[in-house]
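# predicted structure and sequence below. I'll ask about it afterward.
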Amino acid sequence: MTETTPEAKRQREDTAALRQQLFSAGKRNEALSKTLRTARDELNRIKEEARRLTEPPNNWGTLIGLGDKGLNADVIVGGRRMRVAVGPEVDPAELRAGTDVLLSEGLVIIGTGSFAPVGSVVNVREFVDDTRILVGAPGDDEQVFILGEDLIDSGLRVGDAVVVDTRTHYALQVVEKPEVSSLLLEEVPDITYSDIGGLADQIGQIKDAVELPFEHPQLYTEHGLKPPKGILLYGPPGCGKTLIAKAVANSLADRTGAGQSRKTYFLNIKGPELLDKYVGETERQLRLIFARAREKASAGFPVVVFFDEMESLFRTRGTGKSSDVETTIVPQLLTEIDGVEQLDNVIVIGASNREDLIDPAILRPGRLDVKIRIERPDADAARDIFEKYLTVDLPLHPSVLSGHETPAEAVSALISFCVDRMFALSPENEFVEVTYADGAKEVLHFADFASGAMIHNIVDRAKKSAIKSLLETGERGLQPRHFEEAIAEEFSEHEDLPNTTNPDEWARISGRKGERVTHLRMMHLDTTRGAPAVPLESDIAEVYPNSDLV
């Protein structure tokens, strides 16, 4: 073993020190290199940011057409039409007429955009050809616009609202305006004749007028008979006019097919919604309504056009107090019903509680051929209406079931109690004393102003009272006192409704015909105003002798 000399030992120590210095220098060099790379990247970022901030702006233009082989294109920039080159990085297949394109400083297309999200909204008046439409807003000059590629095969129709770019004269997209969406065809209403009570005679007249022509068209043709074009349902409010119109659409659908082919369209037109401050707009919407109706009827499907509150639109001409808009609206409807264009498979149904205000030209035969008065329900009709809402599947109090063999008998007795209470000619039911122009007086009872809507409301009130009784006392089921209280509350709410300042007008709206009314005197109930009447124990005992409610 060789002995280590001091010189060798010193050399080994110097070598170790040099290695340590070399390692430290390598670390410092690596850190310096990283710092330099970071500084270089930051310098490049600053240079790029400076270049970006100092470069000239790019322009946006609207593409109106491609040139030969997609190498150039026609664009509109700042109101000027130009032919520019298409950059190599842009795929010509992505360029669509009407969309925005990005242009470089040298006016070269370097990017693509989409259709403008905003613009003016106008209505389509007519089609010039397959790619152009005639549009115009009320009071403006008509203009021709080019259809964007998305609209050419979109099923665009006359009357639709479209967004247009007035700079490029391109129509970009269809929008659903509230006035247009309110005219969209509804599905068949889920109302049948069986849901309507107390109007059996009127329903029979409706079936004869509407359904016979659709069931037996060959017989009508053989006898040279044309189906009626329109029906007027008139009478006091709340007596089922709208329900009948919906049931007509449902019945026609049942008779024209089943399953997927079962189809009838129902246009529910609310008169006041059509009124517009612009001259000619209401007439335009009427044309649109019947254009849609003819479009669907041409496929063989029945279309019911229902005008609710008809007198609000089609008043007798010359009776307006300010604008006399009916002088143009009424002729427009007359033209649509029996004008040059046929109105096949379309039934016009009007509903009104002021038929005396409707223009006589609309009501003449050949237009609204059939006129059906919807009367207020009498006792038998009221019983029929009660049966629609008061059924055996409702929870009944044990006292109601006692003394009856079946729940059906108990419900029938409860309905009899309600009808007798409503139609009793008793002081509790006296409503108003009417004075006629000849001096004669008559006391009218609440039953004289009964309606299906009132009966429905009475049943709903009784159900709510039964729920409150269950929560407060734990007693479950409908009881006679619930209906007694409901009837009293319903009658009490009607005490202040008559318009004593204009009694004749109130009488006409309420459906009273005959001699002119000159004065009204209210006959108040013998109860505290606003509080439910005390149940008539004698009446309850008569119907429910074993009841513990007496």
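Perfect, I can see it now.
# immediately after the helix or strand where residue 286 lies, which helix or strand?
Under the criterion of DSSP states H and E, residue 286 resides in helix 281-297. Going down the chain from helix 281-297, the next helix or strand is strand 303-308, by DSSP H and E.
# for the stretch 1-150 of the chain, which segments count as helices?
In the stretch 1-150 of the chain, the segments counted as helices under DSSP state H, counting those that start in this stretch are 6-54, 149-152.
# out of those, deepest packed?
Mean neighbour count (mean count of other CB atoms under 10 Å) peaks for helix 149-152 among the helices of the stretch 1-150 of the chain, with a mean of 16. Bear in mind the C-beta positions are built from the backbone N, C-alpha and C, glycine included.
# quick one: whatever helix or strand comes next after that helix to chain centroid distance?
Counting by DSSP H and E, the element after helix 149-152 in chain order, helix or strand, is strand 161-165. Put simply, strand 161-165 sits 23 Å off its chain's centre (CA atoms, centre = their mean, to the nearest Å).
# give me the buried positions along strand 161-165.
161-165 (16 or more other CB atoms under 10 Å).
# now, among those residues, which is nearest to residue 454?
Checking those against residue 454 by CB to CB gives residue 161 as the nearest, at 41.4 Å.
# hmm, the closest one is touching residue 122, no?
Yes. Using CB atoms under 8 Å, residue 161 makes contact with residue 122 at a distance of 7.2 Å.
# A strand includes residue 420, no?
No. With DSSP: H, G, I helix; E, B strand; the rest coil as the criterion, residue 420 is helix rather than part of a strand.
# who touches the nearest residue to residue 70 once chain neighbours are set aside in this structure?
What sits nearest to residue 70 in space, not counting adjacent residues and going by CB to CB, 6 or more residues apart in numbering, is residue 92, at 2.9 Å. Residues near residue 92 by CB atoms under 8 Å, 6 or more residues apart in numbering: 66, 69-71, 86.
# rerun at 10 Å
Listed by CB atoms under 10 Å, 6 or more residues apart in numbering, the contact set of residue 92 reads 66-67, 69-73, 86, 109.
# check the gap between the closest residue to residue 253 other than its chain neighbours and residue 17 for me.
Once flanking residues are discounted, residue 253 sits nearest to residue 264: 3.8 Å by CB to CB, 6+ apart. As judged by CB to CB, to the nearest Å, residue 264 and residue 17 stand 104 Å apart.
# go on, residue 87?
64 Å.
# for residue 416, same thing?
Separation of residue 416 from residue 17 (CB to CB): 121 Å.
# next: residue 415.
In this structure, residue 415 lies at 116 Å from residue 17, with CB to CB as the measure.
# and residue 357, by the same measure?
In terms of CB to CB, residue 357 sits 117 Å off from residue 17.
# one more: residue 515?
Here residue 515 is placed at a distance of 132 Å from residue 17 (CB to CB).
# what's the mean pLDDT across the helix holding residue 286?
In this model, helix 281-297 has a mean pLDDT of 79.
# centre of the chain to that helix, how far?
Its chain's C-alpha centre and that of helix 281-297 lie 17 Å apart, by CA atoms, centre = their mean.
# stretch 434-445 too?
Counting by CA atoms, centre = their mean, stretch 434-445 is centred 43 Å from the centre of its parent chain.
# convert the C-alpha atoms of that stretch to CSV, please.
Only the C-alpha atoms of stretch 434-445 are listed here, as CSV (Å, rounded to 0.1, in the frame of the first residue of the first chain):
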residue,chain,number,x,y,z
VAL,A,434,-136.2,47.6,-12.6
THR,A,435,-138.2,50.5,-13.8
TYR,A,436,-139.1,50.5,-17.5
ALA,A,437,-139.8,53.5,-19.8
ASP,A,438,-143.6,52.9,-19.5
GLY,A,439,-143.4,53.2,-15.7
ALA,A,440,-143.8,49.5,-15.0
LYS,A,441,-141.6,48.0,-12.3
GLU,A,442,-140.3,44.4,-11.9
VAL,A,443,-138.2,42.8,-9.2
LEU,A,444,-135.5,40.6,-10.7
HIS,A,445,-133.8,37.8,-8.7
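# thought residue 415 was touching residue 380?
No. With contact defined as CB atoms under 10 Å, residue 415 does not reach residue 380; the gap is 11.4 Å.
# ok, the two, which is more surrounded?
For residue 415 versus residue 380, neighbours defined as other CB atoms under 10 Å are more numerous around residue 415 (20 against 11).
# ignoring the adjacent residues along the chain, who's closest to that one?
The spatially closest residue to residue 415, leaving aside those adjacent along the chain, is residue 386, at 4.5 Å (CB to CB, 6+ apart).
# and the protein, what are its domain boundaries?
As assigned by the TED database, the chain contains the domains 59-115, 120-175, 183-315+326-373, 379-522.
# quick one: end-to-end distance for the second one.
The stretch domain 120-175 measures 11 Å between its terminal residues, going by CA to CA, to the nearest Å.
# for the first one, same thing?
Using CA to CA, the gap from the first to the last residue of domain 59-115 comes to 16 Å.
# show me how far it is from its chain's centre.
Relative to its parent chain, domain 59-115 has a centroid offset of 42 Å by CA atoms, centre = their mean.
# one more: the third one?
For domain 183-315+326-373, the distance from its own C-alpha centre to the chain's C-alpha centre is 18 Å (CA atoms, centre = their mean).
# do the shortest one as well
In terms of CA atoms, centre = their mean, the centre of domain 120-175 is found 25 Å from the chain centre.
# one step back: shared neighbours of residue 161 and residue 122, which are they?
Counting by CB under 10 Å, 6+ apart, the residues touching both residue 161 and residue 122 are residue 135.
# hang on, the earlier thing: quick one: buried ones out of the contacts of residue 92?
66, 72-73, 86, 109.
# what about the residue nearest to residue 253, how many neighbours?
A total of 26 residues lie near residue 264 under the criterion other CB under 10 Å.
# that one and residue 46, how far apart?
Residue 264 is 72 Å from residue 46, where distance means CB to CB.
# same question, residue 364
Counting by CB to CB, the gap from residue 364 to residue 46 is 86 Å.
# then residue 209?
Separation of residue 209 from residue 46 (CB to CB): 86 Å.
# spell out, range by range, the helices that occur in the stretch 351-500 of the chain.
According to DSSP H, counting those that start in this stretch, the helices that the stretch 351-500 of the chain contains are 360-363, 379-389, 398-401, 407-423, 452-473, 480-493.
# once you drop chain neighbours, what's closest to residue 395?
Closest residue to residue 395 apart from its sequence neighbours, by CB to CB, 6+ apart: residue 477 at 4.6 Å.
# quick one, phi/psi of that neighbour?
phi 110, psi 150 (degrees, to the nearest 10).
# that one - how many residues pack around it?
Neighbours around residue 477, by other CB under 10 Å: 16.
# low-scoring stretches of the stretch 101-250 of the chain, by residue?
Counting by pLDDT under 70, the stretch 101-250 of the chain shows low-confidence ranges at 136-140, 177-188.
# is it true that residue 502 touches residue 517?
Yes. Contact criterion CB under 10 Å: residue 502 and residue 517 qualify, at 9.5 Å.
# what touches both of these two?
Common neighbours of residue 502 and residue 517 (CB under 10 Å, 6+ apart) are residue 508.
# higher neighbour count, those two?
residue 517 (22 against 13).
# pretty sure that one sits against residue 439.
No. Contact criterion CB under 10 Å: residue 517 and residue 439 do not qualify, at 12.0 Å.
# returning to that earlier point: in TSV: the contacts of residue 92, plus distance to residue 426.
Putting the contacts of residue 92 into TSV (distance: CB to CB, whole Å) gives the following:
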residue	distance to residue 426
66	87
67	91
69	95
70	90
71	95
72	93
73	88
86	91
109	88
